[in-house]
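After the sequence you'll find the predicted model.
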Number of protein chains: 2
Amino acid sequence: MEETIAEKMAKDMREVSVAEFFEKNRHLLGYENPTKSLITVVKEAVENSLDATNEANILPEIYVSMKQVGMDRFKVIVEDNGPGVVEAKVPYAFGKFLYGSKFHRLRQSRGVQGLGIHGAILYSQLTTGKPIKITSSVGKDISIFELMIDVARNEPHVISVKKEKNPNKWHGVKIEMEIEGRYTEKSPSVLEYLKQTAIANPYANIIFDGPNGKIEFKRAIEQIPAQPKEIKPHPYGVELGILRRMLKDTKSKNMLSFLTTEFCRVGRNSAEQIYKLAKIELKKKPQEITPEESERLHKAMQMVKLMAPPTNCLSPLTEKLIEEGLKKEIEAEYVVAVTRPPTVYRGYPFQVECGLAYGGKIPENETAKILRFANKVPLLYHQGDCAITEAVAEVDWRRYGLQQSSGSLPVGPLAILVHFASVWVPFTSEGKQAIANYPEIVKEIKLALQDAGRELASYIRQKRKARERLLRKQIFERYIPEVARAVSKLTNKDYKTILKKLEDMIKKKVDLIVEEEKEAQEEKTEEKVKKVKQITLKEVGKVEGSEKKA
Amino acid sequence: MEETIAEKMAKDMREVSVAEFFEKNRHLLGYENPTKSLITVVKEAVENSLDATNEANILPEIYVSMKQVGMDRFKVIVEDNGPGVVEAKVPYAFGKFLYGSKFHRLRQSRGVQGLGIHGAILYSQLTTGKPIKITSSVGKDISIFELMIDVARNEPHVISVKKEKNPNKWHGVKIEMEIEGRYTEKSPSVLEYLKQTAIANPYANIIFDGPNGKIEFKRAIEQIPAQPKEIKPHPYGVELGILRRMLKDTKSKNMLSFLTTEFCRVGRNSAEQIYKLAKIELKKKPQEITPEESERLHKAMQMVKLMAPPTNCLSPLTEKLIEEGLKKEIEAEYVVAVTRPPTVYRGYPFQVECGLAYGGKIPENETAKILRFANKVPLLYHQGDCAITEAVAEVDWRRYGLQQSSGSLPVGPLAILVHFASVWVPFTSEGKQAIANYPEIVKEIKLALQDAGRELASYIRQKRKARERLLRKQIFERYIPEVARAVSKLTNKDYKTILKKLEDMIKKKVDLIVEEEKEAQEEKTEEKVKKVKQITLKEVGKVEGSEKKA
């Protein structure tokens, strides 16, 4: 009897296409409600445009149009001036899940998974049944596709292709689709997404032609940030399974060249150290390494001291940009930003930056507002589930002069911006709205927040002192006239002169205090700088440990 | 110049295997840190065992062993008495992502995606490089596999197969793997997962042979819950894209039979109504339906009044079980449970149940503890990102006599259990730890909590009244003797008799109050029952609307 059931179950077993999987799980891609879906579609298209223009070193001109065409129905158009997609690849680049050029490469970019824009197309055909229209040119002819996804096979289904002349050598991609959605301008919204995108990408020019009229986010910087470089994995935290695959697939003839060519930051010396620890001869062929040897090698790779990964694979916002961004976004009285040196998780380099905006127009007694970015893309959803939020909650903000009930977010006139840049951002879902809380990541974000927090703390202290000082001064001043009168009576000296002298005395005293505090402040800052340096070194050391555990 | 870049990018484009995708995104499957990974592995294996035994109508005997075999290394064994897997299918059922028997079927089960146990295997080969060992029998011979996943191709890589005689006709599956992990017993933990699993599946017998010794979660009920039935999709909320696929693929010869055979709850009359609204002749071939017609049909399907989906595709915990579970889990003074009638989202039937435990040993001034279940599986992570949490926060608990700052969880001696049962649970990620907040789902959970909340409220009220009554009584009693003495003096009547009379009077009075309150209470309950009924009907109606929007 069990047999028949096992047999029956066996008959039902079959393969599921990735497209079918995401059709049934569209919320994984960010399409669980009409408002979010509209944002997600724009997000995916704009990310692609920013990546493509970056790749081609072009100053991005992005045009987003969104018009209501029916009850809960919108026509969305996103056009860029990127390099375009070669005609032969268009159907796959848009119509096949898990197909793309960025997945296997270790370099910071917004999209990597080959799921983003495909999801938008799937959602459009699910909700309106309409094919998507793609106009693309690499500078020669213009090709226009009508495209759908054959869900059962996860293959593109081309409905029509047209070719057009391209007299003025236009290049780029234009996507047009009709989807079910709902438009709002209260957060989270398309507008907010584009606004924050503009802050994190000030070299881009973005025009939004929305339901309530045209808005242009003007380019603020004329030059494009340096192209992040592609790198090899860093030995720290590379998993045993991956290492074994690498040993099998490498072209290196011997182990020495294996480590030095397949990984970054491994020179001849470190390689020799590693093999000494692992008891493996340098001459051995990678393919001949036994399971036991590969395990020893894996351990050894985590134990040898290596340089942190190179920074040129990452493209941070920079402290300057964060401070400008915060000033632009929030009318605060004080702003501070910190960019941490890069480190690694699972062998992937990453870098954390944060900024704090304090006081000014920020409401006094509300929970701090958190602005989250990953690879320059704003994250608007799933805040509760994000490593950034966890890190913010774990920092003790009372130390820095703010209120906080333990384990929850700080309360006070504070806005917190955190940017996570990595060659591989571990998003909690394919919708890419929150960062998974790998221990090393949460830890690094906390360190960044603490660095900035100390800065903020001394500003708040100073502010308090200044207030007290002013009070003291006022008190003195109130009594000066009386004192002066009394003294002049006793000493028969001229009232005016005495008054003047007393006033000077107080002024000197106050100035002195100010001076002292200034100096104290400067020392503190220097200390801080030192501290950061030490932490950095410590980190790179520690990462090893934590990596090993994680 | 752009061209060359476009060309270069084109060269880099390639397909990514699902296995590669999850290898790089192991956190999506629940493997971002060693503690969680250990829980996830057990969770996936136990879910499979429970599903398999249910399928074969076998009382589950599940054995989980977990022994530390090195620094952060554990040997995990999970064995069940299920129907087993036929030898030919073993490699795929365990070694190929997105392969399984449950994905395409609309019936409540724990696993559906064909990702769970595969993820465990991937994690094991990633972290320890060791193959997984699978022993399976359908009652005949026993086959023993050593298996890995060929990640680049997402194909099983069988390392060895052995056959053994099976004298005592054992049937089931036994999985053995070595993984990196960290064992803890403070929540969330393997122990907690198994404990809550036992509560939600009291007909299962689970033995946990863990690092700190053996624990048995004994079977509490001898009979297995009725096998949930497989159903057709419900017309409400089926997406246009899906509808078009169904029209293309159906075997029905004409539209009338299409609606009545491919969907549930559509009889001849409803079908005719729908086609009348959609202006489509019943005789037309489904394959000949034009895009415009399919759109009209889709609209019409949402507008016609239909019965809620059948309940027999769902297997709720039932109010009785929830109350028992809560009593077992939490030493509360009052427990109430509510099982809502089933409804639909995106055409998928689902049903919400909840239970509230109040007072007793539950801490007074803490945030309410939330126990989340989906298809009888406890959810231990990502609470902040779960539709259940959102619904709990959106309910106004102050009405029911608890503290709550708006938009956050209630505070008080309260534990909240919510069970979401559906033929398709929309998890926020493949790790299956939180439910995506589809509007219809959040709404239904809120209604369940409000039903239970009203019950709780009247209990709390009664309790307060009882306390006041007691006070009043005590005050009376204190003065009775004096009054009696005074009266007896004045009236020269016997003190004792007077005292007796007075006491009787008070007793009567108090009893009367109690009576009145009892009656009031009963009326309230009746009202409530009525109310639930109304809400239900309203709901089924509303769902239509919200579905259309969502």
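Right, received. Where do you want to start? Numbers count the residues shown, from 1 in each chain, chains lettered A, B, ... in the order given.

So A:Pro309 is in contact with A:His234, correct?
Yes: counting by CB atoms under 8 Å, A:His234 is a contact partner of A:Pro309 at 4.4 Å. Using the backbone N, CA and C atoms, a C-beta is placed for each residue, glycine as well.

what do these two both touch?
Overlap of the contact sets of A:Pro309 and A:His234 (by CB atoms under 8 Å, 6 or more residues apart in numbering or on different chains) consists of A:264-265, A:344, A:349.

Hmm, which of the residues you listed is lowest in pLDDT?
Within these, pLDDT reaches its minimum at A:Val344, with 84.

for chain B, what are the nearby residues on the stretch 201-350 of chain A?
Listed as neighbours of chain B in the stretch 201-350 of chain A under the rule CB under 8 Å from any CB of the partner chain: A:239-242, A:244-245, A:291, A:294-295.

Then the stretch 351-500 of chain A?
So far as CB under 8 Å from any CB goes, the stretch 351-500 of chain A lies against chain B at A:382, A:384-385, A:389, A:424, A:426-430, A:434, A:436-439.

Helices - which of those land there?
Secondary structure defined by DSSP state H assigns A:389, A:439 of those to helices.

closest point of chain A to chain B, which residue?
A:Gly384 (3.0 Å; CB to the nearest CB).

Number of residues surrounding that residue?
Per other CB atoms under 10 Å in any protein chain shown, the neighbour tally for A:Gly384 reads 17.

excluding its backbone neighbours, what's nearest it?
Spatial nearest neighbour of A:Gly384, excluding adjacent residues (CB to CB, 6 or more residues apart in numbering or on different chains): B:Gly384 at 3.0 Å.

a helix runs through A:Ala308, doesn't it?
No: counting by DSSP: H, G, I helix; E, B strand; the rest coil, A:Ala308 is not found in a helix; it is coil.

Double-check it against A:Pro341; I have them as touching.
Yes: counting by CB under 8 Å, A:Pro341 is a contact partner of A:Ala308 at 6.5 Å.

the more surrounded of the two?
A:Ala308 (20 against 16).

pretty sure A:Ile121 contacts A:Lys130?
No: between A:Ile121 and A:Lys130 there is no contact under CB under 8 Å: 10.2 Å.

Now for these two: what residues contact both?
A:Met177.

between those two, which one's more packed in?
Set A:Ile121 next to A:Lys130 and count neighbours by other CB under 10 Å: A:Ile121 wins out with 25 against 20.

May I have the secondary structure class of A:Arg472?
Here A:Arg472 is recorded as helix under three-state DSSP.

Contact partners for A:Tyr348?
By CB under 8 Å, 6+ apart, the neighbours of A:Tyr348 are A:106, A:233-234, A:237, A:422-424.

Name the residues linked to it by a beta bridge.
A:Tyr345 (DSSP bridges).

unless I'm mixing things up, A:Val16 is touching B:Ser101, no?
No: judged on CB under 8 Å, A:Val16 makes no contact with B:Ser101 at a distance of 10.5 Å.

Now do the helices in the stretch 401-550 of chain A.
A:439-491, A:495-549 (DSSP state H, counting those that start in this stretch).

Pull the distance from the first one to the chain's centre.
When you say that, I think you mean helix A:439-491. Offset of helix A:439-491 from its chain centre (CA atoms, centre = their mean, to the nearest Å): 36 Å.

cool, and stretch A:185-192?
The mean C-alpha position of stretch A:185-192 is separated from the chain mean by 19 Å, CA atoms, centre = their mean.

and it, anywhere near chain B?
No: Stretch A:185-192 does not reach chain B (CB under 8 Å from any CB); its nearest approach is 13.2 Å.

Span of that stretch from start to end?
One end of stretch A:185-192 to the other measures 8 Å (CA to CA, to the nearest Å).

my guess is A:Gln287 meets A:Leu247, correct?
Yes: assessed by CB under 8 Å, A:Gln287 is found in contact with A:Leu247 at 6.9 Å.

low-scoring stretches of the stretch 401-550 of chain A, by residue?
A:510, A:513-514, A:517, A:520-550 (pLDDT under 70).

Show me the helices in the stretch 251-400 of chain A, by range?
For the stretch 251-400 of chain A, applying DSSP H, counting those that start in this stretch gives helices covering A:255-262, A:268-278, A:291-303, A:319-329, A:387-394.

and the third one with helix A:255-262, angle?
So the one you mean is helix A:291-303. Per axes from the mean of the first three to the mean of the last three CA atoms, to 10 degrees, the angle that helix A:291-303 makes with helix A:255-262 is 50 degrees.

Excluding chain neighbours, give the residue nearest to A:Ile362 in space.
A:Pro413 (4.1 Å).

Let me see the backbone angles for the one you found.
Per-residue torsions, A:Pro413: phi -80, psi 70 (degrees, to the nearest 10).

likewise A:Gln223?
Per-residue torsions, A:Gln223: phi -110, psi 150 (degrees, to the nearest 10).

That one: neighbouring residues, count only.
7.

give the contact list for it.
A:Tyr203 are the contacts of A:Gln223 under CB under 8 Å, 6+ apart.

Let me know how buried A:Glu15 is, in neighbour terms.
A:Glu15 is flanked by 15 other residues according to other CB under 10 Å.

same thing with the one 4 residues further on?
A count of nearby residues for A:Ala19, using other CB under 10 Å, gives 23.

Just the C-alpha atoms of the helix or strand hosting it, please, in PDB.
Using DSSP states H and E, A:Ala19 maps to helix A:18-24. C-alpha atoms of helix A:18-24 as PDB (Å, rounded to 0.1, in the frame of the first residue of the first chain):
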ATOM      1  CA  VAL A  18      12.100  29.300 -12.700                       C
ATOM      2  CA  ALA A  19       9.500  31.500 -14.400                       C
ATOM      3  CA  GLU A  20       6.700  29.400 -13.000                       C
ATOM      4  CA  PHE A  21       8.200  29.600  -9.600                       C
ATOM      5  CA  PHE A  22       8.300  33.400  -9.700                       C
ATOM      6  CA  GLU A  23       4.900  33.600 -11.300                       C
ATOM      7  CA  LYS A  24       3.400  31.800  -8.300                       C
END
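
Against A:Arg478, how distant is the closest residue to A:Ala484 other than its chain neighbours?
Excluding the flanking residues, the one nearest A:Ala484 by CB to CB, 6+ apart is A:Leu499, at 4.1 Å. Going from A:Leu499 to A:Arg478 by CB to CB, to the nearest Å gives 13 Å.

One more: A:Glu155?
Taken as CB to CB, the span from A:Glu155 to A:Arg478 is 85 Å.

A:Ser17 now?
A:Ser17 is 82 Å from A:Arg478, by CB to CB.

More neighbours: which of those two?
Using other CB under 10 Å, the more surrounded residue of A:Ser17 and A:Arg478 is A:Ser17, with 18 against 9.

Need the phi and psi values for the closest residue to that one other than its chain neighbours.
Leaving aside its sequence neighbours, A:Ser17 sits nearest to A:Asn154 (CB to CB, 6+ apart; 4.1 Å). Main-chain torsions, A:Asn154, degrees, to the nearest 10: phi 50, psi 50.

from memory A:Glu230 sits against A:Leu106, does it?
Yes: the pair A:Glu230 / A:Leu106 is scored as a contact, 6.0 Å apart, by CB under 8 Å.

Common neighbours of these two, please.
In terms of CB under 8 Å, 6+ apart, A:Glu230 and A:Leu106 are both contacted by the residues A:Cys313.

Between the two, which has more neighbouring residues?
Of the pair A:Glu230 and A:Leu106, A:Leu106 is the one with more neighbours under other CB under 10 Å, namely 21 against 13.

wait, A:Ala198 sits on A:Phe208?
No: in this structure, A:Ala198 is not within contact of A:Phe208 by CB under 8 Å, at 9.6 Å.

joint contacts of these two?
In contact with both A:Ala198 and A:Phe208: A:Phe217, using CB under 8 Å, 6+ apart.

so where's chain A shaky on pLDDT?
A:1-3, A:510, A:513-514, A:517, A:520-550.

Looking at it, name the residue that lies furthest from the middle.
In terms of distance from the mean C-alpha position of chain A, A:Asn492 ranks first, at 73.0 Å (CA atoms, centre = their mean).
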